[in-house]
Structures are given as C-alpha cells and as structure tokens.
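Peer 1: here is a sequence together with a model predicted from it:
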Amino acid sequence: MFLLGGIEKKRILDIIQPHLFMDDQRLHLDSKMKNVPLVHIPFGIVNEENKNT
C-alpha cells in the first residue's frame with residue numbers, strides 16, 4: 001500500500017502498475033488512467049464534509 005498524499009498520481013501508477021487504485025476523493029480518480037481499475041472509498045473527512053451539504 002502506498003499513501004500518495006497530494007502528489008500527482010498518474011505518473012506513479014504508470015510506473016508501479018498496481019492491480020487496483022483506491023482513493024477517498026473522486027477528483028483523484030482520473031479517467032485517463034485506463035490501465036488501472038479505479039475505486040472510490042466513500043469515507044474520510046472530505047466525504048463527511050460533502051455529505052452535510
């Protein structure tokens with residue numbers, strides 16, 4: 001497992017070629033990453049803030 005923080009993810013994912021990429025923010029799930037299945041995890045602080053609006 002890698003925690004990528006705020007860095008650009010596509011470049012890293014192209015290099016390590018994971019079987020799956022999960023993130024708690026939809027904006028990090030870039031549809032240009034066609035070689036990696038993308039999964040949104042609907043938990044975390046960002047998602048809690050969005051749920052209340």
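Peer 2: Here it is on my side, so go on.

Peer 1: who's in contact with the residue positioned nearest the centre of the chain?
Peer 2: By C-alpha atoms, centre = their mean, the mean C-alpha position of the chain lies nearest to Asp23, the distance being 3.1 Å. Taking C-beta atoms under 8 Å, 6 or more residues apart in numbering, we find Asp23 in contact with 9, 29, 38-41. Placement of C-beta: from N, CA and C, glycine included.

Peer 1: going along the chain, name the strands of this protein.
Peer 2: 21-23, 38-40 (DSSP state E).

Peer 1: direction included, what does the first one pair up with?
Peer 2: If you go by DSSP bridges, strand 21-23 pairs up with strand 38-40 (parallel).

Peer 1: what comes up buried for the strand it pairs with?
Peer 2: The neighbour-count check on strand 38-40 (16 or more other C-beta atoms under 10 Å) flags Leu38 as buried.

Peer 1: can you give me how far it is from the chain middle?
Peer 2: 6 Å (C-alpha atoms, centre = their mean, to the nearest Å).
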